[in-house]
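Q: Pasted the sequence and its predicted model underneath.
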Amino acid sequence: MGALAEAWTLLLGGDRETWWTILNTLRFSLWSTALSFLPGAPLGAALYLGRFRGKRAAVSLLNATMAVPTVVVGLFVYSMISRSGPLGGLGLLYAPGGVVAGQAVLALPLVAAMTFTGLQKLDPRYHETLLALGAGPARRLAAILREGRFVLLQALLGAFGRVTGEVGVSMMLGGNIRWYTRTMTTTIALDAGKGEFERALSLGVALLAIALIVNFLSHMAVFDE
Amino acid sequence: MQLRMRRPVGPALAAALALLLAAAPAFALGGRESRAGDPAAAVPTPANPRLRLATTTSTENSGLLAFLHPEFTKDTGYIVDVVAVGTGAALKLGENADADALLVHARALEDAFMANGHGAERRDVMYNDFIIIGPAADPAGLKGAKDAVEAFKKLDAAGRENGAAFVSRGDNSGTHVMEKDTWKKAGVAPAGAWYKEAGQGMEQVIIMADGLAGYALSDRATWLATKDKTELAIVFEGDPALFNPYGVITVNPAKNPAINAAGAKAYLDWLTSGRGQRLIGDYKMGGETLFFPNYKPR
C-alpha cells in the first residue's frame, strides 16, 4: 500500500496544495451552507406551520427537488451565470462565487426538507397551544424555530455535509481552477483520472474525517433531545 | 408534559451559526485575492488581471501550462485561470463568451469558429502528434500497419473478432475529432462492446485502456506524461496524417463586455513571441520535447 502511505505523508507532512485545497473546500462550504440555511430553515418551518391548500403537493415538490442530481443543478445555474445568461454580469462562473451559488441552490431544498421533516417529530400540542394562545404567524415561526433548534442544527450539518462532498456543481461552475476554485472532490476526480492516487487518497481520508465529524455532531444533536 | 433533562442545544446551535458567520467573512470570496501558489508579479498588475483560458486536457495535464504561465505572469502581470476541457467544449465556452482566450487543437473546428465571428484572432502556436497506444503484445497487429487508416482497420477487425477493446474519448475533443476522421477515412463505423466511448479526458482514457488491456488514440504529450502509470506501449506512430497542431484564439470582445480582451491579446502575443516559443520548445518531460513551437509571423 505505497499509495496510502504517501497519502498520509501528504496530509501529516503539511503538503501546501493539499491543505490549501482542504481549506478552500471548507471556505466554499461555510458560505454555501450559510446561504442555503438562512432562507431554507424558515421555509421549512413555514411549510410546517402553514395550513393551506396544496400543502401535500408542496411537500412532495420539496422532496422531489431534493433528489435533483448535482450536475442538473450545475447545468441550471451555469445557464444563469454564463456571461451570455441573465446573471452573466455578476462574473460568477468559474469563480468562487459560482461554486457557492450552485452549492447553495443544491442545499436549499435539503435544508427546507430536513427542517420540515424534523419539526413534524415535535409534539403537535406545542403548535396547537401557540395557536390557542392566539400567537400570530411571525411569533409562531420564531417560537417553533426555538423549540426545534436541534432540528435546525441537524439541517445545518446536513447541508454542510452535502456541499462538502458534492462534485458536480463544483466541477461545472468552478472549472477546477488551480489555486482558485479547486475543491477536495474536484481534485480527487482530476487526480484519480490522471492515475495519481496519492493526493486523491489523502483528500479522500480528509473528506471521510469531515463526514464522520459532521455525522457525530448531528447524532449528538438528536441524542440530546 | 413530563420533565425532560436535556443539555442545552440552543447555545450549541447559536455557537455553530455564530462560527459560520464569523468565519465566512474571514474566508472572503473576493476575486482579487492573491493565490498562494503564484509567484509575485514583477510588473504592475493590469486593470483586469484575471484571464480565463479554455484549453484542452493535453496542454494542462502534460504540465506545459504550469511551466509557461508563471513566466507569462512575470512578464505581463496577468493571472491565467485554466479551464481544461476538450477542444469542442473549449470552443463552446468561447462561443458563450465564458472564456477570454482558447488554446485548442482541431483545425477544422477552429476555422469554423473564426468564420462564424466568435474569434478575434487566431495563430498557430505549436504541434505534436497523435499515436496509437495498446498492449505491448499488440494482439491486433498494429505494428505492421503502413499508415493510420490501415491501423484503424486492424483495430476494427480485432475488436469484432477478438474483442480487443478500443477506448474512445467520445467527448468531441481534438483527439476525438482526429479519431472520428480516421475511422471515416478507413470506411469503418465503429460499434460493439469492444468500442468504448469514455467521455473523459485523455489521461482518464489512457488509464482506462490500461485497465482493459485495450487500445487508444492519444496525443504524444499526454502519453509521455502518463505512460509510467501504465503497462501500455506505443504500437503505431509516424503517419503525417496524425499531425496535431495547436492554435491560440482570442475570443471576439464584441460578444460580451466582460471579456478580458486586453489579457487575451497579451496571451496570444506572448505565446507567439520569441520568448514564448522558446519556452514551449524548452519544456521537456523525461528528456523528451512534448510540443514543437511553429508560429510563423506573416
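A: That came through fine.
Q: does the residue most central in space within chain A sit in a helix or strand, and which one?
A: Nearest to the mean C-alpha position of chain A, counting by CA atoms, centre = their mean, stands residue A:159 at 3.0 Å. Per DSSP states H and E: residue A:159 is located in helix A:149-165.
Q: Could you do residue B:131 as well?
A: Per DSSP H and E: strand B:119-135 holds residue B:131.
Q: Equivalent analysis for residue B:234, please.
A: Residue B:234 belongs to strand B:232-236, assigned by DSSP H and E.
Q: Now do the closest residue to the residue nearest to the centre of chain A other than its chain neighbours, the pLDDT please.
A: Spatial nearest neighbour of residue A:159, excluding adjacent residues (CB to CB, 6 or more residues apart in numbering or on different chains): residue A:107 at 4.0 Å. All C-beta spots, glycine's among them, are computed from the backbone N, C-alpha and C. For residue A:107, the pLDDT comes out at 97.
Q: quick revisit: separation between the residue nearest to the centre of chain A and residue A:44?
A: 11 Å (CB to CB, to the nearest Å).
Q: Need the residues touching each of the two.
A: Here residue A:159 and residue A:44 share the contacting residues A:111, A:114, scored by CB atoms under 8 Å, 6 or more residues apart in numbering or on different chains.
Q: still on that earlier bit, which neighbouring elements make contact with the helix or strand hosting the residue nearest to residue A:159?
A: Assigned by DSSP H and E, residue A:107 belongs to helix A:96-119. Helices and strands in packing contact with helix A:96-119 are listed as helix A:16-49, helix A:55-66, helix A:70-81, helix A:149-165, helix A:168-174; criterion 3 or more CB pairs under 8 Å, 6 or more residues apart in numbering or on different chains; DSSP states H and E.
Q: can I get the ones you listed in a markdown table with mean pLDDT and distance to residue A:130?
A: Shown next, in a markdown table, are the helices and strands packed on helix A:96-119 (pLDDT from 0 to 100; distance: least, CB to CB, whole Å):
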| stretch | mean pLDDT | distance to residue A:130 |
| --- | --- | --- |
| helix A:16-49 | 94 | 9 |
| helix A:55-66 | 92 | 18 |
| helix A:70-81 | 94 | 35 |
| helix A:149-165 | 93 | 16 |
| helix A:168-174 | 94 | 38 |
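Q: Now tabulate those helices in CSV and tack on distance to residue A:7.
A: Shown next, in CSV, are those (distance: least, CB to CB, whole Å):
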stretch, distance to residue A:7
helix A:16-49, 9
helix A:55-66, 33
helix A:70-81, 25
helix A:149-165, 18
helix A:168-174, 21
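Q: start to end distance for stretch B:214-230?
A: 11 Å (CA to CA, to the nearest Å).
Q: Identify each buried residue in it, please.
A: Applying a neighbour-count criterion of 16 or more other CB atoms under 10 Å in any protein chain shown, the buried positions in stretch B:214-230 are B:214-227, B:230.
Q: my read: residue A:199 touches residue A:20, true?
A: No. Judged on CB atoms under 8 Å, residue A:199 makes no contact with residue A:20 at a distance of 11.7 Å.
Q: Same drill for the two, tell me which one is more crowded.
A: residue A:199 (24 against 16; other CB atoms under 10 Å in any protein chain shown).
Q: just to revisit the earlier point, residues touching the residue nearest to residue A:159, list them.
A: Neighbours of residue A:107 in contact, by CB under 8 Å, 6+ apart: A:32-33, A:36-37, A:40, A:159, A:162-163.
Q: from these, which single one is nearest chain B?
A: residue A:33 (6.6 Å; CB to the nearest CB).
Q: Please report the distance of the closest one from residue A:71.
A: 20 Å.
Q: out of the two, which sits in the busier spot?
A: Per other CB under 10 Å, whichever of residue A:33 and residue A:71 has more neighbours is residue A:33, with 29 against 15.
Q: That one contacts residue A:163, doesn't it?
A: Yes. If you go by CB under 8 Å, residue A:33 and residue A:163 touch, sitting 6.2 Å apart.
Q: before we move on, the earlier item: tell me the buried residues in the helix or strand that the strand holding residue B:131 is followed by?
A: For strand B:119-135, the following helix or strand on the C-terminal side (DSSP H and E) is helix B:148-162. Across helix B:148-162, burial judged by 16+ other CB under 10 Å covers B:148-149, B:151-156, B:158-160.
Q: Among those, which one lies nearest to residue A:127?
A: residue B:159 (66.1 Å; CB to CB).
Q: how much space is there between the closest residue to the closest one other than its chain neighbours and residue B:235?
A: Using CB to CB, 6+ apart and skipping residues adjacent in sequence, the residue nearest residue B:159 is residue B:194, 3.4 Å away. Separation of residue B:194 from residue B:235 (CB to CB): 16 Å.
Q: Kindly state which of the helices and strands packed on helix A:96-119 is positioned closest to residue A:94.
A: The nearest among the helices and strands packed on helix A:96-119, by CB to CB, is helix A:168-174 at 6.6 Å.
Q: by contact count, what packs against the closest one?
A: Counting by 3+ CB pairs under 8 Å, 6+ apart, helix A:168-174 packs on helix A:70-81, helix A:96-119, helix A:184-194.
Q: what would those look like in JSON lines with distance to residue A:211?
A: Shown next, in JSON lines, are these (distance: least, CB to CB, whole Å):
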{"stretch": "helix A:70-81", "distance to residue A:211": "16"}
{"stretch": "helix A:96-119", "distance to residue A:211": "15"}
{"stretch": "helix A:184-194", "distance to residue A:211": "11"}
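Q: Packed most tightly, which of these would that be?
A: The highest mean neighbour count among the helices and strands packed on helix A:168-174, using mean count of other CB atoms under 10 Å in any protein chain shown, belongs to helix A:96-119: a mean of 25.
Q: can I get the CA coordinates of that one in CSV?
A: Provided in CSV are the C-alpha atoms of helix A:96-119 (Å, rounded to 0.1, in the frame of the first residue of the first chain):
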residue,chain,number,x,y,z
PRO,A,96,-15.6,31.1,-6.1
GLY,A,97,-18.9,32.9,-6.2
GLY,A,98,-20.3,30.5,-8.8
VAL,A,99,-19.4,27.4,-6.8
VAL,A,100,-21.0,28.9,-3.6
ALA,A,101,-24.1,29.9,-5.6
GLY,A,102,-24.5,26.5,-7.1
GLN,A,103,-23.9,24.7,-3.8
ALA,A,104,-26.4,27.0,-2.0
VAL,A,105,-29.1,26.2,-4.7
LEU,A,106,-28.3,22.5,-4.2
ALA,A,107,-28.5,22.6,-0.4
LEU,A,108,-31.6,24.8,-0.1
PRO,A,109,-34.2,22.1,-0.6
LEU,A,110,-32.3,19.8,1.6
VAL,A,111,-32.3,22.4,4.5
ALA,A,112,-36.0,23.1,4.0
ALA,A,113,-37.0,19.4,3.8
MET,A,114,-34.8,18.4,6.8
THR,A,115,-36.3,21.3,8.8
PHE,A,116,-39.9,20.3,7.8
THR,A,117,-39.4,16.6,8.5
GLY,A,118,-37.7,17.2,11.8
LEU,A,119,-40.3,19.7,13.1
